[in-house]
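Peer 1: predicted coordinates and the sequence they were generated for:
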Amino acid sequence: MRFLIDECLSPSLSRLAHRRGFAADAVAWIGKAGWADRELMRFVETQDLTLVTNNSRDFRRLYANLPIHAGLVCLNAPTRLVRRTLIETLFDRALDAIEQRMDLLNTVIEADAITVTRIEVRSYLFPHP
């Protein structure tokens with residue numbers, strides 16, 4: 001499993017993934033910054049990458065058209081709560097869930113910040129069978 005950190009998130013998430021033993025790159029590090037979501041989606045699909053984003057609504061819509069994919073990780077927080085440390089905490093909690101699965105084939109992991117201290121992580125098959 002290889003993660004690609006969307007450009008709307010800090011590249012520091014790549015370093016967090018590396019510390020946890022996962023392969024990860026950031027869109028900004030691989031020369032894909034500024035790409036439209038559809039272009040990035042084609043790249044993710046052809047490279048068999050698991051995208052990490054907080055642009056959940058748009059990418060769930062794009063993933064809905066894929067019969068098979070390497071997974072999607074959505075880090076969701078209300079705009080008023082978004083801080084880099086909170087996003088890092090969301091990703092860390094998502095990685096906890098991923099370590100228990102180790103296979104994200106056609107799976108979405110959603111880490112939701114309900115409040116600054118309350119985080120919920122869920123996973124589901126997508127598109128739904």
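Peer 2: Thanks, I have the structure now.

Peer 1: just for this protein, where's the confidence low?
Peer 2: Scanning the chain with the threshold set as pLDDT under 70 gives 80-81, 129.

Peer 1: now the helices for it?
Peer 2: Here the chain has its helices, by DSSP state H, at 12-19, 37-47, 56-63, 84-101.

Peer 1: got the CA positions of the longest one in CSV?
Peer 2: Read it as helix 84-101. C-alpha atoms of helix 84-101 as CSV (Å, rounded to 0.1, in the frame of the first residue of the first chain):
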residue,chain,number,x,y,z
ARG,A,84,-2.4,21.0,11.1
THR,A,85,-2.1,19.1,14.4
LEU,A,86,-5.7,18.0,14.2
ILE,A,87,-5.3,16.7,10.7
GLU,A,88,-2.2,14.8,11.8
THR,A,89,-4.1,13.3,14.6
LEU,A,90,-6.9,12.3,12.2
PHE,A,91,-4.4,10.6,9.9
ASP,A,92,-2.7,8.9,12.8
ARG,A,93,-6.0,7.4,13.9
ALA,A,94,-6.8,6.4,10.3
LEU,A,95,-3.4,4.6,10.2
ASP,A,96,-4.4,2.7,13.4
ALA,A,97,-7.5,1.4,11.6
ILE,A,98,-5.5,0.7,8.5
GLU,A,99,-2.9,-1.3,10.4
GLN,A,100,-5.7,-3.6,11.6
ARG,A,101,-6.9,-4.2,8.0
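
Peer 1: now do the buried residues in it.
Peer 2: Neighbour-count burial for helix 84-101, counted by 16 or more other C-beta atoms under 10 Å, picks out 86-95, 97-98. C-beta here means a position set from N, CA and C on the backbone, and glycine is covered the same way.

Peer 1: and those, which is closest to Leu62?
Peer 2: Ala94 (19.2 Å; C-beta to C-beta).

Peer 1: enumerate every residue touching that closest one.
Peer 2: Contact analysis of Ala94 by C-beta atoms under 8 Å, 6 or more residues apart in numbering lists 52, 73, 75, 109, 111, 121.

Peer 1: please redo it, this time with the cut-off set to 6 Å
Peer 2: By C-beta atoms under 6 Å, 6 or more residues apart in numbering, Ala94 lies in contact with 73, 109, 111, 121.
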